[in-house]
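Asks: model the structure of this input:
(chains A and B)
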Amino acid sequence: MRRTFPIALGLCVAVAAVSFQAVAADAKPIRIGALFSITGPASFLGAPEEKTVRMLADKINAEGGVLGRKVEVIIKDTQGSPEKAVSFARQLIEEERVLAIIGPSTTGETMQIKGLCEENEMILVSCAAAEAITNPVARYVFKTPQKDSQAVTWIYNTMKDLGISKIAVVTSNDGFGNQGKLQLEALAPEHGIQIVVNEVYDKQATDLTDIMTKVKSAAGVQAVVNWSIVPAQSIVAKNMKQIGLNVPLFQSHGFGNPKYVEQAGVAAEGTLFVAGRLLVVDELPDDHPQKALLATYKKDYETRYNEPVSTFGGHAYDAFTVVLEGIRQAGTTDRAKVRDAIENLKGFAGTAGIFNFSPEDHTGLSLDAFTMQTVKDGKFRLYSK
Amino acid sequence: MGQSDLILQYFLSGITKGSIYAVVAIGFNLIYSATGILNFAQGEFVMLGGMLAVSLALILPLPVAVAGAVVFVALLGGLLELVFFRRLRGHSILHLVIITIGLSILIQEAALHVWDEKVRSLPYFTGNEISSIRLFGAAVSPQVLWVLGTVAIIVVFLHIFLKYTLRGRAMRACSSNPEAALLAGINIANMRTLSFMLSAGLGALAGCVISPITLTHYEMGSGLAIKGFSAAILGGLGNPMAAVLGGLLVGVLEAFSVSVLPAAYTDVTAFAILLLVLFVRPHGLLGRPAGESVREF
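Replies: The predicted model follows:
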């Protein structure tokens, strides 16, 4: 009995030491908050975003985490409601004490918490597209999708190539539609484009034949631009063909979801739209800086979730990897230093393009992050005249 | 495009929308006439019908999938009546109406979890996404004819059922005078369940035929319910034929409103006219003053 005591004691100490070491190696995880509209009207944005972030977090933790620490993502479902986004953002800042917040999915929600994050010096990397998020620049607020104005510029440049100058613009009555409408109207004069018909439809619209009839009856319309993220994107394409309105249909970067092409069926053929390179990764040359990353993301996502990848999930991919890269570059989890590191990221390849942030530019993407694409045989293809 | 062709095209586009509202509005009527409840979960029956049919169509031929969806949703409608409304019969109608709103949220959330947030649809019954039937200078999708045909069949079926079958007449008796019906040996509670089943089944059928046009997703129900409800009110509650008239009228009004006003004012025009009609005829265009309305159809 007496002899066993020291052995037992030794064992205890050894066990304690080992477990202590394990704790030290694990340290405390780095906590990152995420606000996505996983359900609700913007769920087609939030759902792939949430799936992407869960997948990435698992992958990064399996590879040993960041700075030797695990990454813990605290995901909140805002259901697309700005009010919920505000209260969840407060919760993440005050109770969860996260290092950074990624999301929200929509512009409306992001604008509601922009000021809140700035006041609390909380890093926010939004997955929403509108200019207003990063213009004027708030020190702590970034975003990863391409700008609306860049999408509009692409569309107008393509129109110029095709000799189109008189167009019809139809937009949905939600945040995305309104922002697009503003940009389309603002940039038209300098590109020599004349908007002949300019209509807004309800985001729950079930049929748009009447508006398309109006477009058809207007003299000299050479193309239609639809700007929305709702099922109307498929409905517009069908209604145009049904009533024999045979002019090119341009859509926004909201079209970057294979589901809409599937739903519009043959009516989607020839639709022109702007999007990042994720959807056409197979067509990229092997030495393209985004190729490997896009191919891996697409494969991982489609294997794990058994559904086609969309550009929206890609925005969350970018937001998450931008934050992690900021932490790596800063070499610390000091929030101010991570913010500085993100602001100075240069040549960082993401799904949307190559990010070059600067104190003046918190979007970090240039015009060539977009490409003009079209639908051919039910597939997304790079467009060439 | 000539002026007359243009007017025809607006009219046809109004009919397209209107047929959708009409087919939803019929379901509102039936439950209202048998129970006095305005069932705001009606839009959810439409959504469920579409969703189920899309899923079933993956493994079954289209007609079987549609039939399966209709039967399933009808059973679900009956079950909801048994579980909720039969037990709460003692409460005021207002309570029951609020319960239907709760149910609609519940069904929507359940659908989100059973399926997902994605948009889906049944294939066009005839032709495809771009085929259209030419009518002079205007065009309309063949699916619209399917919807109108379905509306016609439902109206005829309901007419025969309510007027000439014992069960249908019993259902009308329940709504026009419950006590007398009870004394005549009619099981009122069962009749109410039957009205829920019928209404849910019709809603599901509507959800299937409109799916190629409107696409189906878990949130579509509430929007359709509002429009269908307006159509039912405009036509006059309790009369399936009136619901059809109301639906088509709302649709055509919307379409012509687009022709002269910005499309953003569509709902304003439609609802302003709805209000005007209700000021003059509070019981709707074809409705009869309170009490006997629908049931006498």
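Asks: next up, the contacts around residue 269.
Replies: I'll assume chain A. Taking C-beta atoms under 8 Å, 6 or more residues apart in numbering or on different chains, we find A:Glu269 in contact with A:375-378. Where you see a C-beta, it was placed from the backbone N, CA and C, and this is true even at glycine.
Asks: correction: the question concerned chain B.
Replies: Contacts for B:Thr269 (C-beta under 8 Å, 6+ apart) come out as B:253-254, B:257, B:261.
Asks: one step back: compile the contacts of A:Glu269 into CSV and extend it with columns for neighbour count.
Replies: Converted to CSV, the contacts of A:Glu269 look like this (neighbours: other C-beta atoms under 10 Å in any protein chain shown):
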residue, neighbour count
A:Val375, 25
A:Lys376, 14
A:Asp377, 7
A:Gly378, 13
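Asks: those residues also near chain B: which ones?
Replies: The subset of those within reach of chain B, by C-beta under 8 Å from any C-beta of the partner chain, is empty.
Asks: in strands, which of those fall?
Replies: If you go by DSSP state E, those have A:375-376 in strands.
Asks: with pLDDT and distance to A:His362 added, can I get the contacts of A:Glu269 in a markdown table?
Replies: Below are the contacts of A:Glu269 laid out as a markdown table (pLDDT from 0 to 100; distance: C-beta to C-beta, whole Å):
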| residue | pLDDT | distance to A:His362 |
| --- | --- | --- |
| A:Val375 | 93 | 32 |
| A:Lys376 | 91 | 36 |
| A:Asp377 | 90 | 39 |
| A:Gly378 | 88 | 37 |
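Asks: out of the contacts of A:Glu269, which comes closest to chain B?
Replies: A:Gly378 (11.3 Å; C-beta to the nearest C-beta).
Asks: the closest one contacts A:Gln263, doesn't it?
Replies: No: counting by C-beta atoms under 8 Å, A:Gln263 is not a contact partner of A:Gly378; they are 11.0 Å apart.
Asks: how about the helices in the chain?
Replies: I went with chain A, as the question did not name one. Secondary structure of chain A (DSSP state H): helices at A:4-26, A:43-62, A:82-90, A:107-119, A:148-162, A:175-187, A:209-217, A:232-242, A:258-264, A:291-305, A:311-330, A:335-343.
Asks: not what I meant, chain B
Replies: Counting by DSSP H, the helices of chain B are B:3-35, B:42-56, B:62-80, B:93-114, B:142-164, B:166-176, B:178-183, B:188-214, B:220-235, B:240-260, B:266-280.
Asks: count of neighbours near B:Glu129?
Replies: Using other C-beta atoms under 10 Å in any protein chain shown, B:Glu129 is surrounded by 24 other residues.
Asks: now do the contacts for it.
Replies: Contacts of B:Glu129 (C-beta under 8 Å, 6+ apart): A:237-238, A:241, A:264-268.
Asks: want to throw the helices of chain A into TSV with mean neighbour count and mean pLDDT?
Replies: Formatted as TSV, the helices of chain A follow (neighbours: other C-beta atoms under 10 Å in any protein chain shown; pLDDT from 0 to 100):
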stretch	mean neighbour count	mean pLDDT
helix A:4-26	10	52
helix A:43-62	22	94
helix A:82-90	19	95
helix A:107-119	20	92
helix A:148-162	20	93
helix A:175-187	21	90
helix A:209-217	26	91
helix A:232-242	27	91
helix A:258-264	22	85
helix A:291-305	16	95
helix A:311-330	24	95
helix A:335-343	19	95
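Asks: can you lay out those as CSV showing distance to chain B?
Replies: Formatted as CSV, these follow (distance: least, C-beta to the nearest C-beta, whole Å):
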stretch, distance to chain B
helix A:4-26, 34
helix A:43-62, 3
helix A:82-90, 15
helix A:107-119, 16
helix A:148-162, 20
helix A:175-187, 11
helix A:209-217, 3
helix A:232-242, 4
helix A:258-264, 5
helix A:291-305, 10
helix A:311-330, 11
helix A:335-343, 30
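Asks: in CSV: the contacts of B:Glu129, plus distance to B:Arg172.
Replies: Converted to CSV, the contacts of B:Glu129 look like this (distance: C-beta to C-beta, whole Å):
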residue, distance to B:Arg172
A:Ala237, 46
A:Lys238, 41
A:Lys241, 46
A:Ala264, 45
A:Gly265, 44
A:Val266, 47
A:Ala267, 45
A:Ala268, 48
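Asks: sorry, back to before: which of the helices of chain B sits most buried?
Replies: Neighbour counts (mean count of other C-beta atoms under 10 Å in any protein chain shown) averaged over each of these peak at helix B:42-56, with a mean of 28.
Asks: elements contacting that helix?
Replies: helix B:3-35, helix B:62-80, helix B:93-114, helix B:188-214, helix B:220-235 (3 or more C-beta pairs under 8 Å, 6 or more residues apart in numbering or on different chains; DSSP states H and E).
Asks: who wins for proximity to A:Pro308 among those?
Replies: helix B:93-114 (19.6 Å; C-beta to C-beta).
Asks: and the angle for the closest one with helix A:43-62?
Replies: 40 degrees (axes from the mean of the first three to the mean of the last three C-alpha atoms, to 10 degrees).
Asks: what's helix B:93-114 in contact with?
Replies: Contacts for helix B:93-114 (C-beta under 8 Å, 6+ apart): A:39, A:43, B:35-41, B:43-44, B:47-48, B:51, B:80, B:84-85, B:88, B:218-219, B:221-222, B:225.
Asks: dihedrals phi and psi, A:Ser37?
Replies: For A:Ser37, the backbone dihedrals (degrees, to the nearest 10) come out as phi -90, psi 80.
Asks: residues contacting it?
Replies: A:43, A:45-46, A:77-81, A:104-106, A:109.
Asks: and which of these is nearest A:Ile193?
Replies: A:Thr106 (27.4 Å).
Asks: number of nearby residues for that closest one?
Replies: 31.
Asks: contacts only, for it.
Replies: A:37, A:42, A:45, A:80, A:128, A:175-176.
Asks: ditto for A:Gly364
Replies: A:Gly364 touches A:142, A:345, A:348, A:355-358, counting by C-beta under 8 Å, 6+ apart.
Asks: do the same with A:Ala275
Replies: With C-beta under 8 Å, 6+ apart, A:Ala275 has these contacts: A:253, A:255-256, A:311, A:370-371, A:373, A:380.
Asks: at 7 Å what do you get?
Replies: A:253, A:256, A:311, A:370-371, A:373 (C-beta atoms under 7 Å, 6 or more residues apart in numbering or on different chains).
Asks: residues in contact with the residue lying closest to it once chain neighbours are set aside?
Replies: Once flanking residues are discounted, A:Ala275 sits nearest to A:Gly256: 4.2 Å by C-beta to C-beta, 6 or more residues apart in numbering or on different chains. Counting by C-beta under 7 Å, 6+ apart, A:Gly256 touches A:275, A:279, A:310-311.
Asks: also B:Ala184?
Replies: So B:Ala184 contacts B:Ala173 (C-beta under 7 Å, 6+ apart).
Asks: looking at it now. What's its pLDDT?
Replies: Confidence at B:Ala184, expressed as pLDDT, is 88.
Asks: any idea which of the contacts of B:Thr269 is the one closest to B:Leu286?
Replies: Using C-beta to C-beta, the contacts of B:Thr269 come closest to B:Leu286 at B:Leu253, 16.5 Å.
Asks: quick check: the closest residue to that closest one other than its chain neighbours vs A:Glu199, distance?
Replies: Nearest residue to B:Leu253, sequence neighbours excluded (C-beta to C-beta, 6+ apart): B:Ala270, at 5.2 Å. Distance from B:Ala270 to A:Glu199, counting by C-beta to C-beta, to the nearest Å: 16 Å.
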